[in-house]
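**Q** Based on what follows, work out the 3D shape:
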Amino acid sequence: MYDNPNSFVNIKTKLNAILTKSKLVEAGRIHMVGFDNLREELGDRWEAVRDRVFNFTEKKLQAHLTPYDVFFRYGEEEFLVVFSSMSNEAAQLLVGKVVEEVHQFILGSPDTSKIIIKSAVQQVDGELLFKDINLAEALSDATQKAPGGKYQGSVLIDHDDLPDDDIKAPTQHPVKFIYRPIWDVQRKTITTYRCIATRMMSASYMAEGYNVLGIVEAPESFVDIDIAALRSAAQTLSKVMDNGFVFACNITIHYETISRSDLRRAYIDAAAKLPAELRRFFIVELVHLPIGVPAVRIAEFASFLSSLFRAITCRIPLETKSLQAYSDCNLFGVGVDLMDVRKSEGDVMKKIDHLAGLASTARLRTYLLNVNNTSLAIASAAAGINYLSGKNIGETRKIPGKVITMGWEDFLQLR
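**A** Sure, this is the predicted structure:
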């Protein structure tokens, strides 16, 4: 808590009231933040930066102290800090940290050997007497008193036997690709598989899709995943074809990959290096397009991608009101990932029925991803959705095999 120096309550009266009710001086819980050394170093420049120093100090004290601690202006150029429960040593280090940050802010490179901490030692005739303590010495004493630990600010932390510069991120598992079937509702067959990036994360959690990137820092990460998926799918398809089988492969391409010319060129170059007899089995799905992206932009993407691959589809929000713009872009179809939908099952079914009607009018194929129960599957098929995919629909594989027939009796096992 900070008390304004212009408060009608007299500072000394308040301080005397605090001191008479406790043993705060003896406990080492009253300290002063002063600027004698800083004023000496700055010389004539002190007056120009004085207000900035006070404002910065107030902010730092507010940030570091608890709601039960008190600080206020004491004299013309000092702050008095009264700690509610912190030990003398910890209080000294915390006050030292604040002064060090002030020096860093003004001078750029604080010298702890020149920073003085003032701790109250006694009260004489209504005035506090203070003892000067060198911050560098206080830090050294604290380290010697606690050889089994180290200080983070004013808090003693158990020593972990690791040097401070050896903190590393957890070991990352490599990204792997799996193939999840897409069920053709009308033909009741599985001939198409989605190529999905996966990575084992912490606590045995398996991330999928672009979530394997964790916290992404650059668009280049998306194109790296897209190119890796493209190559993995091509290698898998080549292996399958050598064994006398074939399958259509669905791969995603992120908006970041195709919206930037340099990343788009890298992706096109990678795709162009693949044999044409493999690329003709690829269906490319545009994903993570921003809401409101112009139809002419989607048409541009579809145009150059269709020259490389079998067909182009686009993932859309379930609430999409019109599909005519997507139809005008010469897309093969549009789809929704139900993993991203946070609505009741009844609401989802209504919107799926509406989407299927829009698609029929626009002459677009439709697909749903992450269908997780029988009722949604049945409702989607009844609405006219063309393709369904989910963890319980068919068997996820490392390498797809022969064409699979899948009837409605198989859905009775879904939960």
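**Q** In the stretch 201-350 of the chain, mark out all the helices, start to finish.
**A** Secondary structure of the stretch 201-350 of the chain (DSSP state H, counting those that start in this stretch): helices located at 220-242, 255-259, 261-272, 276-279, 295-306, 324-328, 345-362.
**Q** Okay, buried residues for the fourth one please.
**A** Just to be clear, that refers to helix 276-279. For helix 276-279, a neighbour-count test (16 or more other Cβ atoms under 10 Å) marks 278, 279 as buried. Every residue, glycine included, has its C-beta placed from N, CA and C.
**Q** what about the longest strand in this structure?
**A** If you go by DSSP state E, the chain has its longest strand at strand 189-200.
**Q** before we move on, the earlier item: so which of the helices of the stretch 201-350 of the chain is nearest residue 249?
**A** helix 220-242 (4.8 Å; Cβ to Cβ).
**Q** neighbouring contacts of the closest one?
**A** If you take Cβ atoms under 8 Å, 6 or more residues apart in numbering as the criterion, helix 220-242 is touched by 175, 177, 179, 195, 197, 210, 212-213, 216, 246-247, 249, 251-254, 256-257, 263, 266-267, 270-271, 274-275, 278-279, 281-282, 399-401.
**Q** what's the angle from that helix to strand 189-200?
**A** 140 degrees (axes from the mean of the first three to the mean of the last three Cα atoms, to 10 degrees).
**Q** mind putting the helices of the stretch 201-350 of the chain in JSON lines, distance to residue 83 and mean pLDDT included?
**A** JSON lines is the format used below for the helices of the stretch 201-350 of the chain (distance: least, Cβ to Cβ, whole Å; pLDDT from 0 to 100):
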{"stretch": "helix 220-242", "distance to residue 83": "47", "mean pLDDT": "91"}
{"stretch": "helix 255-259", "distance to residue 83": "50", "mean pLDDT": "90"}
{"stretch": "helix 261-272", "distance to residue 83": "55", "mean pLDDT": "91"}
{"stretch": "helix 276-279", "distance to residue 83": "70", "mean pLDDT": "93"}
{"stretch": "helix 295-306", "distance to residue 83": "60", "mean pLDDT": "90"}
{"stretch": "helix 324-328", "distance to residue 83": "64", "mean pLDDT": "88"}
{"stretch": "helix 345-362", "distance to residue 83": "55", "mean pLDDT": "89"}
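**Q** I'd like these as JSON lines, with distance to residue 90 appended.
**A** Shown next, in JSON lines, are those (distance: least, Cβ to Cβ, whole Å):
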{"stretch": "helix 220-242", "distance to residue 90": "43"}
{"stretch": "helix 255-259", "distance to residue 90": "48"}
{"stretch": "helix 261-272", "distance to residue 90": "51"}
{"stretch": "helix 276-279", "distance to residue 90": "66"}
{"stretch": "helix 295-306", "distance to residue 90": "59"}
{"stretch": "helix 324-328", "distance to residue 90": "63"}
{"stretch": "helix 345-362", "distance to residue 90": "55"}
